[in-house]
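In: What would the 3D arrangement of this be:
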Amino acid sequence: MERVRGGGDGGRVEAMTSSQDLAGLSSGARHDRRVLVIGATGYIGSRLVPRLLADGAEVSVLARTPARLDDVPWRDEVTVRSGGLGDTDALLAALQEVDVACHLVHSMGGSRDFEREERETTDQFVRAAEEAGVGRIVHLSGLHPEDDDDLSPHLRSRAEVADIMLASSVPALVIRAGEVIGSGSASFEMIRHLTTRLPAMVTPRWVHNRIQPIAVRDVVHYLDAATARPLEGDLAGGRAIDVGAPDVLTYGEMMQVFAEEAGLRRRLMVPVPVLTPELSALWLGLVTPLDTGLAKPLVESLRCEAVVGVDDADEVLGPPPGGRTTYRDALREALRVPHGPARPPLWEGADPLGDPARLLPSDADWAGVRPPTLGRARSRP
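Out: As a prediction, this is how the structure comes out:
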């Protein structure tokens, strides 16, 4: 079928695949690559797996709780293996006869020593991939300044994990993305709740930092392409690839654009330079559904500008269908998704290959919770 993407250019038409097309892909089609996805139950992984299947990959997934995949529409099209990154035997077994290991997991700092733990599990993953003879690693990381010695613990750990991957004898493609915009993503939900609930707000200095967000559909495209592109030319031996929307905004501008697209009045922002990350996280915990444990690393990461360095992702991986999605168009796609009291509870009737910006039953419990609306405009601009 065809799906129209709205936007300032009058809308773009993009070919999409229906859920009926997904059935039987792994059993009847000739596969062009064997991909293991680690993190298939997460926000990005649950959207990437059906895309890989539709593009002809033979997919297996490694999950600590396989039962979480029992009801997904593509369950019978993949091989599900039980285990986590800390389980050496399960990890090594899952990596056997794999062309691509797609690593989508990272810690949000749940434990006091999470940096060491993440470094150790990454070392273990890389050694297992080398021993199993994996053809390449694809890893999702985050945008951050290259020369910033004051990275947050969360960003510092993500940068170190990426470095470990790139130092492996297995070629690694590290996709570095900024704020992911799609219904249910932590970044989008934070913007949505802050902007919707607060017509006026005191803001820390980081609202003036530059950010290059990215639509979730574009992240899925680049990850899919990274599993399939030949490792030659600029990709030979592996490398980091920065991805983002074509526009760069401050966080404050991102909230104002959201207000415009949601039909809200322009938000009043009063800067308060002494608002610490800890206080900011507590504040977010009060006005958004994100708990403080998730909000704190997100806020700490916003202290750094997150802008694409070398902008050659479209050249080396190929552009998304219709071109890169602007921030405003990404918002429109996310806002087209109906927001009820919560995310859809069941997979029945869900289209796994539909709009990646929509909510899925596997998304977080707080995803899609409708915030109270204050300061709505009389008419949409």
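In: For the stretch 151-300 of the chain, which segments count as strands?
Out: Assigned by DSSP state E, counting those that start in this stretch, the stretch 151-300 of the chain shows strands spanning 172-177, 180-181, 200-203, 210-211, 214-215, 238-243, 249-250, 268-271.
In: Would you mind giving those strands as a markdown table with mean neighbour count added?
Out: Glycine gets a C-beta too; all of them are placed from N, C-alpha and C. Below are those laid out as a markdown table (neighbours: other Cβ atoms under 10 Å):
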| stretch | mean neighbour count |
| --- | --- |
| strand 172-177 | 24 |
| strand 180-181 | 25 |
| strand 200-203 | 16 |
| strand 210-211 | 20 |
| strand 214-215 | 29 |
| strand 238-243 | 21 |
| strand 249-250 | 16 |
| strand 268-271 | 12 |
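In: Return the member of those strands having the minimum mean pLDDT.
Out: Of all the strands of the stretch 151-300 of the chain, strand 200-203 carries the lowest average pLDDT, namely a mean of 84.
In: Can you give the distance of that one from its chain's centre?
Out: Offset of strand 200-203 from its chain centre (Cα atoms, centre = their mean, to the nearest Å): 27 Å.
In: Please name every helix or strand in contact with that strand.
Out: On a contact count with 3 or more Cβ pairs under 8 Å, 6 or more residues apart in numbering; DSSP states H and E, strand 200-203 meets strand 268-271.
In: Tell me the strands beside the strand it packs on, with direction?
Out: strand 200-203 (parallel) (DSSP bridges).
In: So what touches the strand it pairs with?
Out: Applying Cβ atoms under 8 Å, 6 or more residues apart in numbering, the external contacts of strand 200-203 come out as 194, 252, 267-272, 275.
In: quick check, nearest of these to residue 318?
Out: Nearest to residue 318, judged by Cβ to Cβ, of the contacts of strand 200-203 is residue 252 at 33.0 Å.
In: Near the closest residue to the closest one other than its chain neighbours, how many other residues are there?
Out: Leaving out its chain neighbours, the residue that sits closest to residue 252 by Cβ to Cβ, 6 or more residues apart in numbering is residue 207, at 4.1 Å. Residue 207 has 20 neighbours, counted by other Cβ atoms under 10 Å.
In: thinking again about what came up before, tabulate the contacts of strand 200-203 (JSON lines), appending distance to residue 94.
Out: JSON lines is the format used below for the contacts of strand 200-203 (distance: Cβ to Cβ, whole Å):
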{"residue": "194", "distance to residue 94": "39"}
{"residue": "252", "distance to residue 94": "44"}
{"residue": "267", "distance to residue 94": "47"}
{"residue": "268", "distance to residue 94": "52"}
{"residue": "269", "distance to residue 94": "47"}
{"residue": "270", "distance to residue 94": "51"}
{"residue": "271", "distance to residue 94": "49"}
{"residue": "272", "distance to residue 94": "48"}
{"residue": "275", "distance to residue 94": "44"}
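In: Wait, the residue nearest to residue 252 touches residue 250, no?
Out: Yes - Residue 207 lies in contact with residue 250 (Cβ atoms under 8 Å); the separation is 6.5 Å.
In: Would you map the helices across the stretch 201-350 of the chain?
Out: Counting by DSSP state H, counting those that start in this stretch, the segments of the stretch 201-350 of the chain that form helices are 216-228, 251-261, 277-287, 292-302, 313-317, 327-335.
In: which helices and strands sit right next to the fifth one?
Out: For helix 313-317, the helices and strands in contact under the criterion 3+ Cβ pairs under 8 Å, 6+ apart are helix 216-228, strand 238-243.
In: Residue 363: which of the ones you listed is closest?
Out: The closest of those to residue 363 is helix 216-228. By Cβ to Cβ, the value is 11.2 Å.
In: and the closest one, how far from the chain's centre?
Out: On Cα atoms, centre = their mean, the centre of helix 216-228 falls 10 Å from that of its chain.
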